[in-house]
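Peer 1: Sharing a sequence plus its predicted fold:
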Amino acid sequence: MLKEFRDFIARGNVIDLAVAVIIAAAFGKIITSLVDGVIMPPIGMVLGKVDFANLFFDLSGAHPASVAEAKAKGLPVIAYGAFLNDVISFLIVAFVVFLVIRQINKRKRVEAAAPTKDCPYCLSVIPVNATRCSGCCGELPIS
């Protein structure tokens, strides 16, 4: 069982996945910093000097001045501003992943467009350099 586990871990796709997770974690921190420090302050200024990270509903009736004060006192609040920041962070990450996957798919389409021809016997599609048809096994004239 130990050998089987070692073989599983040593597979290329598992190592690639581990690297992707590590890079994604670092990328997530960058995106969080971008949203909190660069994107949300101008949006807050446009919407009337609102600090999104400090938006909350007070459920206790004690009217704390900030989310930090409410948490320090142990008051129940719904911190929807932090949720908005997280949603915007997610949308940015999802858009970047979309762009990366889109580029990868474009490259795959270009690579997949290998030249082909039709078999003169059965009319199946075969690679241009094929010497036998994969459909009917007929010998093909060399072109």
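Peer 2: That came through, no problem.
Peer 1: ok, the most centrally placed residue in the chain to residue 106 distance?
Peer 2: Residue closest to the average C-alpha location in the chain (CA atoms, centre = their mean): residue 97, at 3.6 Å. The spacing between residue 97 and residue 106, counted by CB to CB, to the nearest Å, is 15 Å. Where C-beta positions appear, they are placed from N, C-alpha and C, glycine not excepted.
Peer 1: Please apply the same query to residue 27.
Peer 2: Per CB to CB, residue 27 is found 21 Å from residue 106.
Peer 1: Who has more neighbours out of those two?
Peer 2: Neighbours per residue, other CB atoms under 10 Å: of residue 27 and residue 106, the larger number sits with residue 27, 14 against 10.
Peer 1: Okay, the closest residue to residue 36 other than its chain neighbours and residue 24: tell me how far apart.
Peer 2: Among residues not flanking residue 36 along the chain, residue 85 sits closest, at 6.2 Å (CB to CB, 6 or more residues apart in numbering). Distance of residue 85 to residue 24, computed by CB to CB: 18 Å.
Peer 1: Of the two, which one has the most company?
Peer 2: Taking neighbours as other CB under 10 Å, residue 85 and residue 24 compare with residue 85 leading, 19 against 12.
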